[in-house]
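Undergrad: no sequence on hand, only this structure:
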């Protein structure tokens, strides 16, 4: 099976690339060869690569920066996603589109389901939601996977930022009133591969297509609790750690407003695709052990 993945520098694309083994081939595309902000006809380029499944993991993910760069965020996350979907339809190839918990406003006190009303609070969430709409308008042969709080043992993410800051600080203030499910890109990649194989095996199966939520089990957890677990696991491995001082969202103002409650219900993914992502603590443990093996803090 050949996956063509957009977003060559992203955490999910890199994690998928690491899974290339046996019959799984992964080809990652990125700028300048493949620029989603151009929203051009991507069909000729993609056709030359002969994909079995296309995974659109490329995105404008700078949540705060998106507030001042709305046009670019929508060009990449919305128009660009739509262009990839049209190319997939032209080629007759299934598409997996990666989306986000930020399509919700965080107002519920239960896990968000795929059928719940969307109301993004900022430009990033709005652009990703429009991307979902354009993808679904372009092709029925697609799966949209909403995930959240993505991290990996590589790239820029909350885990690596906490470890970096802990090298020079004894205490860190971390937001304690936003809740969600920290999800490892390594686990996301495994789920994407499983979904992709089902799409290839069932070209006429409408049930396995559509919108699904995909986050780690074991939630919900606050950013402050996530940081505490990062430092506990790091300390056990001889890595950096710091005390966590719980603060409110109001004490840490940002350009973009975040949803207070981002816990996604993965029941549909489990019911239809038979896939459950591991507990977030287990995903974090595997990432931390890899950082230790690779000498992250030595």
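TA: Great, that's in hand. In this text the structure is predicted, and so the values were computed from the model without any measurement.
Undergrad: leaving out chain neighbours, which residue sits closest to residue 3?
TA: Distance criterion C-beta to C-beta, 6 or more residues apart in numbering; nearest residue to residue 3, sequence neighbours excluded, is residue 26 at 5.0 Å. (Glycine included, C-beta is placed from N, CA and C.)
Undergrad: need the contact list for the one you found.
TA: Contacts for residue 26 (C-beta atoms under 8 Å, 6 or more residues apart in numbering) come out as 2-3, 5, 16-17, 19-20.
Undergrad: out of those, which end up buried?
TA: Among those, those classed as buried by 16 or more other C-beta atoms under 10 Å are 2-3, 5, 16.
Undergrad: need the contacts of residue 26 in CSV (columns: secondary structure, pLDDT and distance to residue 125).
TA: Output for the contacts of residue 26, formatted as CSV (DSSP: H, G, I helix; E, B strand; the rest coil; pLDDT from 0 to 100; distance: C-beta to C-beta, whole Å):
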residue, secondary structure, pLDDT, distance to residue 125
2, strand, 96, 32
3, strand, 96, 26
5, strand, 96, 23
16, helix, 95, 24
17, helix, 94, 27
19, coil, 92, 28
20, coil, 90, 31
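Undergrad: out of these, which is nearest to residue 149?
TA: Distance to residue 149 across the contacts of residue 26 (C-beta to C-beta) is lowest for residue 16, with 18.5 Å.
Undergrad: need phi/psi at residue 295.
TA: Residue 295 adopts backbone torsions of phi 70, psi 40, taken as degrees, to the nearest 10.
Undergrad: can you give me the neighbour number for it?
TA: Look at residue 295: counted by other C-beta atoms under 10 Å, it has 7 neighbours.
Undergrad: try residue 242
TA: Counted with other C-beta under 10 Å, the neighbours of residue 242 add up to 22.
Undergrad: what does it show for phi and psi?
TA: Torsion angles at residue 242 (phi, psi; degrees, to the nearest 10) stand at phi -150, psi 160.
Undergrad: residue 28 too?
TA: The phi/psi pair for residue 28 (degrees, to the nearest 10) reads phi -100, psi 140.
Undergrad: the strands in the chain, which residues?
TA: With DSSP state E, the ranges of strands along the chain come out as 2-6, 25-29, 53-56, 95-100, 142-147, 150-151, 171-175, 179-180, 183-184, 210-213, 221-222, 243-247.
Undergrad: between the first one and strand 25-29, how big is the angle?
TA: An angle of 20 degrees separates the directions of strand 2-6 and strand 25-29 when computed by axes from the mean of the first three to the mean of the last three C-alpha atoms, to 10 degrees.
Undergrad: how near is the residue sitting furthest away from the middle of the chain to residue 236?
TA: Farthest-out residue of the chain from its mean C-alpha position, per C-alpha atoms, centre = their mean: residue 170, at 30.2 Å. Computed as C-beta to C-beta, to the nearest Å, the residue 170 to residue 236 distance reads 18 Å.
Undergrad: same check on residue 201?
TA: On the measure of C-beta to C-beta, residue 201 and residue 236 end up 41 Å apart.
Undergrad: which one is residue 245 nearest to, not counting chain neighbours?
TA: Distances taken as C-beta to C-beta, 6+ apart put residue 173 closest to residue 245, at 4.7 Å, once the chain neighbours are dropped.
Undergrad: and the residue lying closest to residue 30 once chain neighbours are set aside, what does it touch?
TA: Nearest non-adjacent residue to residue 30, counting by C-beta to C-beta, 6+ apart: residue 8, 3.1 Å away. The neighbours of residue 8, taking C-beta under 8 Å, 6+ apart as the test, are 28-30.
Undergrad: okay, those residues in a markdown table with pLDDT, distance to residue 248 and neighbour count next?
TA: Below are the contacts of residue 8 laid out as a markdown table (pLDDT from 0 to 100; distance: C-beta to C-beta, whole Å; neighbours: other C-beta atoms under 10 Å):
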| residue | pLDDT | distance to residue 248 | neighbour count |
| --- | --- | --- | --- |
| 28 | 93 | 39 | 21 |
| 29 | 91 | 41 | 23 |
| 30 | 85 | 38 | 16 |
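Undergrad: wait, which of those is closest to residue 214?
TA: Among the contacts of residue 8, and counting by C-beta to C-beta, the member closest to residue 214 is residue 28, at 20.0 Å.
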